[in-house]
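**Student:** coords please:
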Amino acid sequence: MQTHTEHFESPLYLESGRILQPYDIVYETYGRLNEARDNIVIVCHALTGSHHAAGMYEGDAKPGWWDGLIGSGKAIDTDRFYVICTNVIGSCFGSTGPMSQNKYGEAYRYKFPVVTIKDMVKAQRILFDRLDIHRVHAIVGGSMGGMQALQFAIHYPSFANKIIAMATTFATQPWAIAFNKVAQEAILTDPAFKNGYYDPEDIRENGLSGMAVGRMAGHISFLSHYSMIEKFGREYKRNDGLYELFGKFQVESYLEYNGYNFTKWFDPLTYLYITKAINIFDLARGFDSLFHALVQIQADLHLISFREDMLFLPDEMRKIDEILKSQHYRHCHHFEVESHYGHDAFLVEIDKFDSYVREVLNG
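**Tutor:** Model prediction:
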């Protein structure tokens, strides 16, 4: 496991027409590149993820966000594959984002350009060219990572042999946009946000209550009705009285804990920029229709959806499959996982799909 940073002085021309220059991309690698250079697997991260997808560094409290899937003997086997996970542009974990310094030595803040999923993928493709990587065995990602995988499949159709996109969509729908809007408004209206001119050290120390509230709304969309019943039921915190006004159910404590802790390690401007990228994601943009976008795909495409995912419905993945099947494209496969967990099942219930991922990568 190694972490690397690549610096680019050449301009990155964005989908909006704006330019990002210069910029950095941070990425992490696992395993070894073989002599034939045909064992590369790219992993794409979701909204709050980073390049640190697996393993632990000294001092880490927990392993990377997909540690259950990536590693020695696991579905994405680092004994066999050379795995690369890059941190997207716009992030707050090393790649250039809104709190990075511009060429004048000041934080971009609102002067940072709006970036899209397509821009994120374009920047990664430029990185891979620098690393002399021009074709890979597979690209794997969930949620926003799945959006990136699908963009790779359409805009760089000969780059990957296999695409595994899970818990994602062809275009972000109103339900997901609405949850993101709640989070965005909660951040913007918090006085401590200071209209984007906050001190990042102050946020890391004290958090941001508006962002915490927005993240609570997000967590509701990541779970399902069934998983909340199973996880929390109607249990009350033992040290709170049922008839105390501010006594809490376990589900309330869960939301508070995750919401407020989140604000101390994830930058609020980054959250605004990346949720904007997710909201405007649409594979059909730039094409006459979704059909015309999808027929660009040449890779062996595997779509994994989760039964109770309310954020990105299985029907959205099914639509991609149906369009490609209508054109007799025989290299598209849709696997719907029987899960009551919700959207976050792709991070939590790995045992329900890891054998499928293993078969795709090894088959």
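**Student:** what number of residues lie near the nearest residue to Phe262 once chain neighbours are set aside?
**Tutor:** Excluding its sequence neighbours, the residue lying closest to Phe262 (C-beta to C-beta, 6 or more residues apart in numbering) is Arg215, at 4.8 Å. Yep, even glycine has a C-beta here, placed from its N, CA and C like the rest. Neighbourhood size, Arg215 [other C-beta atoms under 10 Å]: 24.
**Student:** try the one 4 residues further on
**Tutor:** By the criterion of other C-beta under 10 Å, His219 has 19 neighbours.
**Student:** picking up where we left off before, is it true that the residue nearest to Phe262 lies in a strand?
**Tutor:** No: according to DSSP: H, G, I helix; E, B strand; the rest coil, Arg215 belongs to no strand; its state is helix.
**Student:** so what's it up against?
**Tutor:** If you count contacts by C-beta atoms under 8 Å, 6 or more residues apart in numbering, Arg215 has them with Ala183, Asn258, Gly259, Phe262, Thr263.
**Student:** what pLDDT does it get?
**Tutor:** pLDDT recorded at Arg215 is 95.
**Student:** and Asp240, by the same measure?
**Tutor:** Reported pLDDT for Asp240: 64.
**Student:** with adjacent residues omitted, what lies nearest to Ser209?
**Tutor:** Asp190 (6.1 Å).
**Student:** contacts for stretch 3-14?
**Tutor:** So stretch 3-14 is contacted by 19-29, 51-52, 89, 94, 113-116, 119, 122-123, 126-127, 130-131 (C-beta under 8 Å, 6+ apart).
**Student:** ok, 6 Å please
**Tutor:** Stretch 3-14 is contacted from outside by 19-28, 113, 119, 123, 127, using C-beta atoms under 6 Å, 6 or more residues apart in numbering.
**Student:** of all the residues you listed, which two lie farthest apart?
**Tutor:** Farthest-apart pair in the contacts of stretch 3-14 is Ile19 and Glu28; separation 27.1 Å (C-beta to C-beta).
**Student:** which of these two has more neighbours?
**Tutor:** The neighbour comparison of Ile19 against Glu28 (other C-beta under 10 Å) goes to Glu28, with 22 against 11.
**Student:** how about the CA coordinates for whatever helix or strand the more buried one lives in, as CSV?
**Tutor:** Assessed by DSSP states H and E, Glu28 sits inside strand 23-30. Only the C-alpha atoms of strand 23-30 are listed here, as CSV (Å, rounded to 0.1, in the frame of the first residue of the first chain):
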residue,chain,number,x,y,z
TYR,A,23,-3.9,20.8,-10.0
ASP,A,24,-2.9,17.8,-8.0
ILE,A,25,-4.3,14.2,-7.8
VAL,A,26,-3.6,12.0,-4.9
TYR,A,27,-3.9,8.2,-5.4
GLU,A,28,-3.2,5.0,-3.5
THR,A,29,-1.9,1.7,-4.9
TYR,A,30,-2.1,-1.9,-3.6
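**Student:** and it, which residues are buried?
**Tutor:** Tyr23, Ile25, Val26, Tyr27, Glu28, Thr29, Tyr30 (16 or more other C-beta atoms under 10 Å).
**Student:** gap between the residue nearest to Asn261 when sequence neighbours are not counted and Tyr260?
**Tutor:** Nearest in space to Asn261, with sequence neighbours left out and distances taken as C-beta to C-beta, 6+ apart, is Gly207 at 7.8 Å. Gly207 sits 5 Å away from Tyr260, going by C-beta to C-beta, to the nearest Å.
**Student:** what do you get for Leu245?
**Tutor:** Distance of Leu245 to Tyr260, computed by C-beta to C-beta: 20 Å.
**Student:** find the nearest non-adjacent residue to Gln101, please.
**Tutor:** Using C-beta to C-beta, 6+ apart, the nearest residue to Gln101 is Ala107, at 6.2 Å.
**Student:** need the phi and psi values for Leu188.
**Tutor:** Backbone torsions of Leu188, given as degrees, to the nearest 10, read phi -60, psi -30.
**Student:** next, the contact list for Pro284, please.
**Tutor:** Not Pro; residue 284 is Ala. Leu290, Ala293.
**Student:** try it again at 8 Å.
**Tutor:** Counting by C-beta under 8 Å, 6+ apart, Ala284 makes contact with Phe170, Ala171, Leu290, His292, Ala293.
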